[in-house]
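> Quick one, fold the following:
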Amino acid sequence: MNKTELVEHIAKNADISKAAATRALDSTITAIRTTLKKGGTVSLVGFGSFAVTKRPARKGRNPRTGAEIKIKSAKVPKFRPGKALKDALN
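Numbering: from 1, shown residues only. As a prediction, the model looks like this:
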């Protein structure tokens, strides 16, 4: 499912226009992004949690040349599914 299909699904199920569904989805994504940028977490009970973790710097290899390279540390988003979501899939 892509964003367009998700917007159509939201519009149909919530009985709102596609424009309103698009604004709602964009607002939700922006809120999650802003919270994660500030270092917070977003917990949606029954769905899951979004959080930021730090990946340490490490050494890697250039696959083309085999030369060793340094890979910088990075902040990466993580999603941990909730129990209700896991149960719905099994």
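> just the helices in the protein please.
Assigned by DSSP state H, the helices in the chain fall at 3-14, 18-37, 83-89.
> Could you dump the ones you listed into TSV and include mean neighbour count and mean pLDDT?
C-beta coordinates here come from the backbone N, C-alpha and C atoms, glycine included. Formatted as TSV, those follow (neighbours: other Cβ atoms under 10 Å; pLDDT from 0 to 100):
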stretch	mean neighbour count	mean pLDDT
helix 3-14	13	95
helix 18-37	13	96
helix 83-89	11	94
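> and the ones you listed as JSON lines, adding distance to S73?
Shown next, in JSON lines, are those (distance: least, Cβ to Cβ, whole Å):
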{"stretch": "helix 3-14", "distance to S73": "31"}
{"stretch": "helix 18-37", "distance to S73": "17"}
{"stretch": "helix 83-89", "distance to S73": "30"}
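> Tell me which of the ones you listed approaches N62 most closely.
Closest of the helices of the chain to N62 is helix 18-37, at 30.6 Å (criterion: Cβ to Cβ).
> Tell me which of the helices of the chain sits nearest to G66.
Within the helices of the chain, the stretch nearest G66 is helix 18-37; the backing value is 35.8 Å (Cβ to Cβ).
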